[in-house]
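J.: can't give you the sequence, but here's the structure:
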């Protein structure tokens, strides 16, 4: 490591405070570590920000809103430093952050010279210190690849979204890759809807060895006279004929076979035994980790990546200090550093024995070379077992770490060995002379190998014969039939995607990259284009409408193969094989043509009036299908806006909408939401503008400032009126708790006929100004509380402090004010003014010369009395406060 001399000062900049806290402990004196808290620059929010007239596609970058203070702090620190090291994550996104930091901190040639880029795949003392020996310039190819993706997404989103606003509904947006993901889900839903089940029958024979009734086996019917039996099952994806093996197509055919087998002679034809090896799997890449965490741990993608982020950034291990437990978790390379292989082999040899250690280290190759500078996801120290860190980490961190550790250690072990036996059996009919072929297979684990550490998740197959346990069949010839067991089956439609299978298909088709899978899945749910019920994705009606419009009007841009081709070209830009402007020119040529056509030809869903065969339940007129704020609905064709007496009948259109009243759907509404940065369960907080979801570590050290707006369904759930058990004093109807623009309030359930609103009044105190009104608690637009007269606007009395119905013992004021100061809560007289000393102190703080103290005014009272300690922060006093842990659909308060 390059150490600082006594006079040298170095600044290291990373993305997150948690990462900064860990790294700072590894570096010596003279190093300051600060966090940029993610990206500091982006395209402008209210402008396209991409040059199109000359087709340079040069982006206009500006400091992201809310990051001005962060940038100013980093500039001040950089000005004092002799060296500035940019250390965001080792991927395209991290390289772009480093580039933006260099733009802000390197305005002059002297400033640019002291800026260098460092990367590390793991946050350990050794890796961090060694990174300084390999400091380099920002990699412009990586920056160009990320910048191209950002420009592509901006061009699509910024230019197509207004079309959707105009044609469908305001507030909709289109994403380049997200739309393709929605397309996959929509196409799968339609595939399920169009599916026609195929009937087929299987036959199992329950047998025993002649004269050995306790030696039993179960064989599957596979053919007649050497010809396999099978049932046609449409076409496969390549258009070729597909078949269901070892089956008959009808009950009649099965009954004929069973009748012909009555009295047949059963014999063992052959027994074949062989040894089969199962090799260990490669260590995790991002997509595989997400899939295994879903199937084995029940983690969704957002939770998996959040927990992995914390394991990567570092956990306090007590005496060992804070250290990163896994390598960087966004990678599509299974490559492993030689020293990591050596460490794993040492642990295996020492703790499991030499029989589990292959002669040479196992090596794995990825499908492509993209981001191959990365390693696979592995523990930073193979000897750090899950049990050794259990007391320092959370349950979910331990579960994910154990999964990663087991997969990595197993990847350097010997294969598992199975003895596989296959027996062929013949049943010769006495009636027809036909030979009916049966087969049975079984396997026995001879040597567990890597399975001693890692259990492989296997697809469930009801017809898998390999799990059968066979008796010893040496020398056996004759068999005796105990029973024939025919069974009817129907083919099933393809399953709807869950998060794991969606990630798998995205990876297989080359759509997206490791760093984008989680954001794709999150975005399509947040935009409510899809909903998740019982862990499976269903397209919403708005999702299907938007998808159909975009695919129809932009057939090239939203084609799955073209989207995958763009990903390959982005890899080429990263490798320096293609110019980023060439990719954008090729893309925009197609996109501009399709955009012009779409502006003219895209169907206007807002004005849709589709005639249907449905009849109005009131007047019998035909119903038409229309589009409204909450989707499509049926309306009476006799309705006339200008005629108040016309038929106003409407009803919901339930087609293309998932049934949300099923138990599975109700269970889905109670799913917990997870922070994408640390994996913890999000909690409800109340801010000046209402409720929102935030990470529970919002105010921790280091803080996790992740927050999320409530979805439309969550808002509806949150804003639904809740009974209070009280009756309205005006009309007698129940009072309900409602959510308003300025927070909660209690009002009559009979609104709008009864407009009673319950006010939080201060008992025993009348307005000191008009003498007739009461004093009520109010809330301003920004969420702050104040108190005012109920006779407003006739009386304009207000107070920023809570009035208390207590007479001032000094001046006789009819009320006191409750004030919360730094050292406690006080009751003070409203006639109290600042003393001359207080005024002088306040002036000095403002940088002004103190004026000569004026003579005390008549009626000034200095009475105050301390009544308690400062209360904990609340939404009304010092910002957001945790209300409760919430689930995806909020429960009533």
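T.: Okay, I see it. Nothing here was measured: the structure is a model prediction, and the numbers come from that model. Numbers count the residues shown, from 1 in each chain.
J.: make it CA atoms for all contacts and neighbour counts henceforth
T.: OK.
J.: how about residue 290, what does it touch?
T.: By Cα atoms under 8 Å, 6 or more residues apart in numbering, residue 290 lies in contact with 300-301, 304-305, 500, 503.
J.: how about the residue nearest the centre of the chain, secondary structure?
T.: Central residue of the chain (Cα atoms, centre = their mean): residue 302, 3.2 Å from the mean position. Here residue 302 is recorded as helix under DSSP: H, G, I helix; E, B strand; the rest coil.
J.: Which residues does the helix or strand where residue 635 lies contact?
T.: Using DSSP states H and E, residue 635 falls within strand 631-636. Contact with strand 631-636 is made by 541-542, 616, 621-627, 647-653, as judged by Cα under 8 Å, 6+ apart.
J.: Quick check: buried residues in the helix or strand that it is followed by?
T.: In the C-terminal direction, the helix or strand that comes right after strand 631-636 (DSSP H and E) is strand 650-652. When burial is assessed from 16 or more other Cα atoms under 10 Å, strand 650-652 yields the following buried residues: residue 650.
J.: strands paired with strand 650-652, and their directions?
T.: The strands beside strand 650-652 in its sheet (DSSP bridges) come out as strand 631-636 (antiparallel).
J.: Double-check residue 26 against residue 131; I have them as touching.
T.: No - Residue 26 is beyond contact range of residue 131, at 11.9 Å (criterion: Cα atoms under 8 Å).
J.: Distance to residue 178 for the contacts of residue 290 - can I get that in a markdown table?
T.: Formatted as a markdown table, these follow (distance: Cα to Cα, whole Å):
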| residue | distance to residue 178 |
| --- | --- |
| 300 | 18 |
| 301 | 15 |
| 304 | 20 |
| 305 | 19 |
| 500 | 16 |
| 503 | 12 |
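J.: so which of those residues is the most crowded?
T.: Within the contacts of residue 290, most neighbours by other Cα atoms under 10 Å means residue 304, with 29 neighbours.
J.: doesn't residue 293 make contact with that residue?
T.: Yes - using Cα under 8 Å, residue 304 is in contact with residue 293, at 6.7 Å.
J.: tell me, what's touching these two both at once?
T.: residue 400.
J.: Roughly how far does residue 725 sit from residue 754?
T.: Distance, residue 725 to residue 754, using Cα to Cα, to the nearest Å: 17 Å.
J.: Neighbour count: those two, which is higher?
T.: Ranked by neighbour count (other Cα under 10 Å), residue 725 and residue 754 place residue 754 first, with 15 against 8.
J.: check contacts around that one.
T.: 730-731, 748.
J.: rerun that using 7 Å as the cut-off
T.: Taking Cα atoms under 7 Å, 6 or more residues apart in numbering, we find residue 754 in contact with residue 748.
J.: any idea whether it is helix, strand or coil?
T.: coil.
J.: can you check residue 494 too?
T.: coil.
J.: Which residue, other than its chain neighbours, is closest to it?
T.: In space, and not counting its chain neighbours, residue 494 is closest to residue 192: 6.5 Å by Cα to Cα, 6 or more residues apart in numbering.
J.: check which helix or strand covers the one you found.
T.: Short version, using DSSP H and E: residue 192 is in helix 176-193.
J.: tell me what that helix is packed against?
T.: With contacts defined as 3 or more Cα pairs under 7 Å, 6 or more residues apart in numbering; DSSP states H and E, helix 176-193 has these neighbours: helix 517-526, helix 541-553.
J.: Any chance of JSON lines for the ones you listed, columns mean neighbour count, distance to residue 96 and mean pLDDT?
T.: Converted to JSON lines, these look like this (neighbours: other Cα atoms under 10 Å; distance: least, Cα to Cα, whole Å; pLDDT from 0 to 100):
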{"stretch": "helix 517-526", "mean neighbour count": "19", "distance to residue 96": "17", "mean pLDDT": "90"}
{"stretch": "helix 541-553", "mean neighbour count": "20", "distance to residue 96": "30", "mean pLDDT": "94"}
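J.: buried set for stretch 417-434?
T.: Buried, per 16+ other Cα under 10 Å, within stretch 417-434: 417-418, 420-429, 434.
J.: got JSON lines for those, with distance to residue 806, pLDDT and secondary structure too?
T.: Output for the buried residues of stretch 417-434, formatted as JSON lines (distance: Cα to Cα, whole Å; pLDDT from 0 to 100; DSSP: H, G, I helix; E, B strand; the rest coil):
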{"residue": "417", "distance to residue 806": "86", "pLDDT": "95", "secondary structure": "strand"}
{"residue": "418", "distance to residue 806": "87", "pLDDT": "93", "secondary structure": "strand"}
{"residue": "420", "distance to residue 806": "90", "pLDDT": "93", "secondary structure": "strand"}
{"residue": "421", "distance to residue 806": "93", "pLDDT": "92", "secondary structure": "strand"}
{"residue": "422", "distance to residue 806": "94", "pLDDT": "94", "secondary structure": "strand"}
{"residue": "423", "distance to residue 806": "96", "pLDDT": "95", "secondary structure": "strand"}
{"residue": "424", "distance to residue 806": "98", "pLDDT": "96", "secondary structure": "strand"}
{"residue": "425", "distance to residue 806": "99", "pLDDT": "96", "secondary structure": "strand"}
{"residue": "426", "distance to residue 806": "102", "pLDDT": "97", "secondary structure": "strand"}
{"residue": "427", "distance to residue 806": "102", "pLDDT": "97", "secondary structure": "strand"}
{"residue": "428", "distance to residue 806": "106", "pLDDT": "96", "secondary structure": "strand"}
{"residue": "429", "distance to residue 806": "106", "pLDDT": "96", "secondary structure": "coil"}
{"residue": "434", "distance to residue 806": "106", "pLDDT": "96", "secondary structure": "coil"}
